[in-house]
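> I'd like to go over a predicted model; first the sequence, then the structure.
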Amino acid sequence: MAPPKHVLALLLLLFSATNACHQRAKTLHIPVVHRDAVFPPPPYAKRGSLQNRRFAAAETALMTSGLHSPVMSGLPFESGEYFASIGVGTPSTTALLVIDTGSDLVWLQCKPCRHCYAQMSPLYDPRRSSTYRQIPCSSPQCPLLQGCDNSTGACGYTMVYGDGSSSSGNLATDRLVFSNDTSVYNITIGCGHDNEGLFDSSAGLLGVGRGAASFASQVVPSYGSYFAYCLGDRTSNVRSNSSYLVFGRTPELPSTAFTPLLSNPRRRNLYYVNLAGFSVGGERVTGFSNSSLSLDPASGRGGIVVDSGTSISRFPRDAYGALRDAFDARAAAGGMRRLSGHISVFDACYDMRGVAMANVPQIVLHFAGGADMALPPENYFIPEDTGNGMYYCLALEATDDGLSVLGNVQQQGFRIVFDVEKERVGFAPTGC
């Protein structure tokens, strides 16, 4: 389905002008769009996440910082990620890039395309950008990734994902344009000429992981090792949603609770934290090994990754089972009727006819250091239309691969702070 014309018109208006000024603002503030606000999914669309595709394995202060963008947000939840709207090149081309805290490279589809998937925003043509510079094989930037095109002397890259999706092309630098025409120059990007797979009609990916090639790392000299985002409610009206992504330290909301940021020697580019446990209906969940929620640096297993590119949170099977059973017991006591089978990937779904939503048991995530994340019901209890009726499911999953994830559905409405400088991650409710 084509995107709403007024949405694309607004996005194009944001970055149609160029800016020759090199004066640096204190922060970079980026409008964020949920994919369903621009590319509504068909009713048969399956849930997906970038995690499944990866290789191997204070609001007023923000408004007055001088870098604030118009607000756009998502429509009804189906599958998907959140997009940052960014201008690329001089003159700039608007690109909708999937925000991904679990990968490092900033890449987008480029003309000429040997093979490109369909995207809704215009294709970036590096030949039309006066600030585009191809990175040669001899450059120190080349070893950040891999490969060299000996015929042209251009540094190449190839990204291969678990489902067969891929992007390959050459590395280059160019200008990226953010809110109020604030520009950042000489950012290393991947110019993808051969791309295929499931990228949700986006122009590419904005990698903000912990690796040297990520956008978050590249802007450290100017904006520091600090960024934050708030991913708005998918069901909000596109005009009233207030999702954002901001780079540079800003005043923290008084409600922000912090937990230590950990490093996994086996997955150094991911943002790990330790989860201490769960509460359901005010009572601590028991019956599982808490050690599965803590990172073991020797094995690389345990802990939980805060990931903007995964939709649904995944916990170790024993922990998920204990959480689900505690939820189900409280739900039954409140008159909620559990279905006998699965709906989609969810194994705890309920018939809520005649039952008030106030009866939904509250879930709280307890992180190391005393940080609690009290989830509103819409962050874990979501509607599913089966065609035979509307039911509600516990939107969490079990995993057996040792990689647990805090997904973007559970992050909705929270300001998530990545304070790498102070080695901590923060959560603030009603942060949008």
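Okay, I see it.

> Using just helix, strand and coil, how would you label the residue lying closest to residue 289 once chain neighbours are set aside?
Leaving aside its sequence neighbours, residue 289 sits nearest to residue 318 (C-beta to C-beta, 6 or more residues apart in numbering; 6.1 Å). All C-beta spots, glycine's among them, are computed from the backbone N, C-alpha and C. The three-state label given to residue 318 by DSSP: H, G, I helix; E, B strand; the rest coil is helix.

> ok, residue 318 - contacts?
Neighbour list for residue 318: 287, 288, 289, 292 [criterion: C-beta atoms under 8 Å, 6 or more residues apart in numbering].

> switch the cut-off to 10 Å
By C-beta atoms under 10 Å, 6 or more residues apart in numbering, the residues touching residue 318 are 287, 288, 289, 292, 398.

> Could you list the low-pLDDT ranges of the protein?
Applying pLDDT under 70 to the chain flags the ranges 1-25, 31, 33-80, 144-146, 161-163, 180, 200, 235-241.

> in it, which strand has the most residues?
Under DSSP state E, the strand in the chain containing the largest number of residues is strand 183-196.

> Quick one: list the elements packing against that strand.
Contact partners of strand 183-196 among helices and strands, from 3 or more C-beta pairs under 10 Å, 6 or more residues apart in numbering; DSSP states H and E: strand 82-88, strand 106-109, strand 154-160, strand 166-177, strand 204-207, helix 215-218.

> what about the ones you listed, which gets the closest to residue 364?
Between residue 364 and these, the shortest separation by C-beta to C-beta is 24.0 Å, and it involves strand 82-88.

> partners of the closest one, with directions?
If you go by DSSP bridges, strand 82-88 pairs up with strand 28-34 (antiparallel), strand 93-100 (antiparallel), strand 166-177 (antiparallel).

> So which of these is nearest residue 255?
strand 28-34 (20.4 Å).

> Which of the three states applies to the residue of the chain positioned farthest from its centre?
Distance from the centre of the chain peaks at residue 151, with 36.5 Å (C-alpha atoms, centre = their mean). Under three-state DSSP, residue 151 falls in the coil class.

> phi, psi of it?
Main-chain torsions, residue 151, degrees, to the nearest 10: phi -70, psi -30.

> Strands of the stretch 201-350 of the chain, start to end?
204-207, 226-230, 244-247, 257-260, 272-273, 275-280, 283-284, 304-306, 313-316, 337-338, 349-351 (DSSP state E, counting those that start in this stretch).

> Pick the most deeply packed of those.
strand 204-207 (a mean of 28; mean count of other C-beta atoms under 10 Å).

> Export stretch 286-305 to PDB, keeping only CA atoms.
Extracted in PDB, the C-alpha atoms of stretch 286-305 (Å, rounded to 0.1, in the frame of the first residue of the first chain):
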ATOM      1  CA  THR A 286       9.800 -17.100  41.500                       C
ATOM      2  CA  GLY A 287      10.500 -20.500  40.100                       C
ATOM      3  CA  PHE A 288      13.300 -19.900  37.700                       C
ATOM      4  CA  SER A 289      17.100 -19.400  37.800                       C
ATOM      5  CA  ASN A 290      18.000 -15.700  38.200                       C
ATOM      6  CA  SER A 291      21.500 -16.500  36.900                       C
ATOM      7  CA  SER A 292      20.000 -16.800  33.400                       C
ATOM      8  CA  LEU A 293      19.200 -13.100  33.500                       C
ATOM      9  CA  SER A 294      22.700 -12.000  34.400                       C
ATOM     10  CA  LEU A 295      25.500 -11.700  31.900                       C
ATOM     11  CA  ASP A 296      28.300 -14.300  32.100                       C
ATOM     12  CA  PRO A 297      31.300 -12.700  30.300                       C
ATOM     13  CA  ALA A 298      33.100 -16.000  30.000                       C
ATOM     14  CA  SER A 299      30.300 -17.700  28.000                       C
ATOM     15  CA  GLY A 300      28.700 -14.600  26.500                       C
ATOM     16  CA  ARG A 301      25.300 -15.900  27.600                       C
ATOM     17  CA  GLY A 302      22.800 -14.200  29.900                       C
ATOM     18  CA  GLY A 303      22.000 -10.600  30.500                       C
ATOM     19  CA  ILE A 304      19.500  -8.700  28.300                       C
ATOM     20  CA  VAL A 305      20.100  -6.500  25.300                       C
END
